[in-house]
Each structure stands twice: as structure tokens, then as C-alpha cells.
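J.: No sequence on hand, only this structure:
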């Protein structure tokens, strides 16, 4: 009971079980704590030490034996307050050093590729992809419809995750970018046939090379299987070749 909630508040599984055991036991030696919590005897001292560091457990010594006791649950709020204070300090530190770190990374042109796994991974790939796009440039994309993933892609970009409104559209507006898409016609839902207003799209009756986004610096290829995959290629030369291919098709359709 309450183990999952305590884990969400920052305790490990062992810490949550040991803390709950102490709340129920009261002042206790490690034996009853181990028995009630299910934490291995070899791990219990380490777990109790971490709880003491977090200010949730204390101990007393009676007749040369350690007795541990849980401090009142209100102390958990103090733990969260400390985390918030630490996070504020970390953000302040990052804001001070970030400009210098960015200068270090801009000393040479980025070139290489990275693989991102899962929807969160693809979100990160899009963050990098868009952040590095040049102001006033054009974002080109190919989209290949497939009933097996159309709904997933729509939800990812424009639906419940609303990623478009949080990241893509604001970035395009801020950087004054155009958004052009070539989409193959096929068996897809009506809502998929109406991309959001920022997109200028053309439809073709032949297969497109895949789901590919292109800026002037990078190319992002996404594969929408059960475990989505994103391949980010950072290369102006590769991006330029994809742009030429896209533009050659755009002109004739």
C-alpha cells in the first residue's frame, strides 16, 4: 500500500517498502524491518542509510543495539522542497554556462548520425532537428501513408500529444520557416488527409521514399513500427541532396 505513490515522489522501491515498514513497526531493529518490508538483509542497512540522508529515518542506540524509526510523513514535503530548490539552482547554473557550451559546440560543423528509439526518443530527435534549422529556411518532408501507423503518427504530431502546437509550429513561426510536404495518396482516414494549416502539401499517386523530414542542415528519417525509430543525419551535403530530390518532384506535381 502506497509503495507506488512513494516511488513517484522519489523513493526507490526498497526505500518505499522500508519506510512503510517502519511507519507500521515503530522503533525497530533491522530484523523486523527486513521481515515486514521484504528488503534483503544484505541491502537493508544501505536502504536505511539513504532514508536517513533524506531525513525520513533516524535511529537511537539502546543497550548497544540500533533502533530505527520513521520520521513523520510531513518530512516528505521537505524532501520535495529541497529537490525544487536544487532544481532551481541547477537551472540557474545551466543558464550561466549554456552560452559558452553552445559556442564550444559551434566551433566546427556538425556531421554524423544518431538513432533514437520510442516516441520520446523521436520527440528528442525532432527537438534537435528543429533547433538546428536555419532561420528563414524551408522544412520539407515526405510522408508515406500506411494504415498500420497512420493514426499513431497523427496522434503523435497533431493529436493527444499535441506535439505540433508545443514544438513544431512555434519553432517554424519563430524561425520564419516554410513547411512543404509530399504525401502519397492511399488508404488513410479523412483526418489524415487534412494536415494542419501551416503545411503546404501535394499528393502523389506513387510511393514516396519513406517518412523523411529535411532542413538545410539535417535529415530525419522516422520508422513507425511497434517501437518507433528515428535516424537523424546531421550533414549539409546529405540534406542538400535530399532537398534537390524533393524539389525535383515538387516541380512536376
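T.: Noted; the coordinates are in hand. Small disclaimer: the values here were computed from a predicted structure and weren't measured.
J.: how about the residue lying closest to residue 249 once chain neighbours are set aside, secondary structure?
T.: Nearest-residue entry for residue 249: residue 182, 5.9 Å, with adjacent residues in sequence omitted and distances by CB to CB, 6 or more residues apart in numbering. All C-beta atoms are positioned from the backbone trio N, CA, C, and that covers glycine. Three-state call for residue 182 (DSSP: H, G, I helix; E, B strand; the rest coil): strand.
J.: Next one: residue 182 from residue 242, what distance?
T.: As defined by CB to CB, to the nearest Å, residue 182 lies at a distance of 12 Å from residue 242.
J.: Also residue 213?
T.: 9 Å.
J.: cool, residue 199 as well?
T.: Distance, residue 199 to residue 242, by CB to CB: 18 Å.
J.: Find residues that contact each of residue 213 and residue 242.
T.: Contact criterion CB atoms under 8 Å, 6 or more residues apart in numbering; residues shared by residue 213 and residue 242: 140, 219.
J.: So if I had to pick from the two, which one is more boxed in?
T.: residue 213 (25 against 21; other CB atoms under 10 Å).
J.: so the more buried one touches residue 140, yeah?
T.: Yes. In this structure residue 213 lies within contact range of residue 140 using CB atoms under 8 Å: 7.5 Å.
J.: and residue 230, that's in a strand?
T.: Yes. Counting by three-state DSSP, residue 230 is found in a strand.
J.: show me the contacts for it.
T.: 115-117, 121-122, 125-126, 220-223.
J.: now those residues in a markdown table, with secondary structure and neighbour count?
T.: Listed next are those as a markdown table, based on DSSP: H, G, I helix; E, B strand; the rest coil; neighbours: other CB atoms under 10 Å:
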| residue | secondary structure | neighbour count |
| --- | --- | --- |
| 115 | strand | 11 |
| 116 | strand | 20 |
| 117 | strand | 12 |
| 121 | helix | 16 |
| 122 | helix | 22 |
| 125 | helix | 23 |
| 126 | helix | 22 |
| 220 | strand | 24 |
| 221 | strand | 20 |
| 222 | strand | 22 |
| 223 | strand | 13 |
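J.: For whichever strand or helix holds residue 139, which helices and strands make contact with it?
T.: When elements are assigned from DSSP states H and E, residue 139 belongs to strand 138-143. The contact analysis (3 or more CB pairs under 8 Å, 6 or more residues apart in numbering; DSSP states H and E) places strand 138-143 against strand 178-184, strand 211-214, helix 236-252.
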